[in-house]
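Novice: Mind looking at a prediction? Sequence and model below.
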Amino acid sequence: MKLPQLNRLELEIIDKTIAVLTFNIPEKLNALGADAHEDLHSFVDLLQREPAVRVGVIRSAVKKAFMAGTDITGFSEAPFPPNRLREAIDRIENCPKPVIAAIGGYCLGGGVELAMGCDIRILADTATLALPEVGLGIMPGAGGIQRLARVAGMGVAKELALTARRISAEEAYAKGLAAMVVPFDALWDETLKLARRVAAQAPAALALVKQSANLALDTDRATAAAFERWGAAFISTTADAAEGKRAFIEKRPPVFTGA
């Protein structure tokens, strides 16, 4: 598998099935500039292009931060830079492969927006989340308010976006923004454990489950329910569904191929 050449971020494949994108810009607490936004697109390109990759992970090698927003110094010619970031987050959300965000330290502005575009969020107990834009005289521009409203409700989204208040990992979990909170030293182990569990499932089923869940928030109930019924009927005809049944009867782990 040929990995794309990235500008600022780091990309690796684990177990031949898990694509891991790592932020490692400690001098800026992982505030991402235009070149790093393009790296996010390259990450999604890989997820969409490589059938062997079944799940993506976004993490940080910087202990103090997951992503401290947008590096505005990297946008000398544009007063409003988030378009490519917004497009990357949209692609992550709509990509058929699940994406997990492992978040420790500061997760601010664009970091929150990116995290909300991922399918599963794991927080270290050191995580601090905020949308600080209004305190800078601006506002979120990469879909963060909409995704917060969908994930945690309108009241939570408005309160966080209107006050720029920072919240702890425990409060974020209580508001439904994360699947779990773990000690910082266990963040990577727990993330990898979860990624391996997701990667072991049938790829087509993963894609349909993700799309069905997205539709539950993006369209009316009848349309979303109709898609789920279609998906359940379709997936039952696949070779992976037959393999899943055989494996269950034979009391062995299934070997899914994506067929």
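Specialist: It's in.

Novice: buried stuff in stretch 233-250?
Specialist: Residues of stretch 233-250 classed as buried: Ile235, Thr238, Asp240, Ala241, Glu243, Gly244 (neighbour count, 16 or more other Cβ atoms under 10 Å). Yep, even glycine has a C-beta here, placed from its N, CA and C like the rest.

Novice: State the mean pLDDT of it.
Specialist: The pLDDT scores in stretch 233-250 average 94.

Novice: Can you name the residues in contact with it?
Specialist: With contact meaning Cβ atoms under 8 Å, 6 or more residues apart in numbering, stretch 233-250 is reached by Ala202, Pro203, Ala204, Ala205, Leu208, Pro253, Pro254, Val255, Phe256, Thr257, Gly258, Ala259.

Novice: Could you check the pLDDT of the last one?
Specialist: Put plainly, it is Ala259. Ala259 is given a pLDDT of 83.

Novice: Does Ala130 touch Ala164 like I think?
Specialist: Yes - using Cβ atoms under 8 Å, Ala130 is in contact with Ala164, at 6.2 Å.

Novice: And these two? Which one has more around it.
Specialist: Ala130 (22 against 15; other Cβ atoms under 10 Å).

Novice: Backbone dihedrals for that one, please?
Specialist: The phi/psi pair for Ala130 (degrees, to the nearest 10) reads phi -170, psi 150.

Novice: what does the one 10 residues further on give?
Specialist: With angles defined as degrees, to the nearest 10, Pro140 sits at phi -60, psi 140.

Novice: Now for it: which residues touch it?
Specialist: Gly109, Val112, Glu113, Leu131, Glu133, Ala161.
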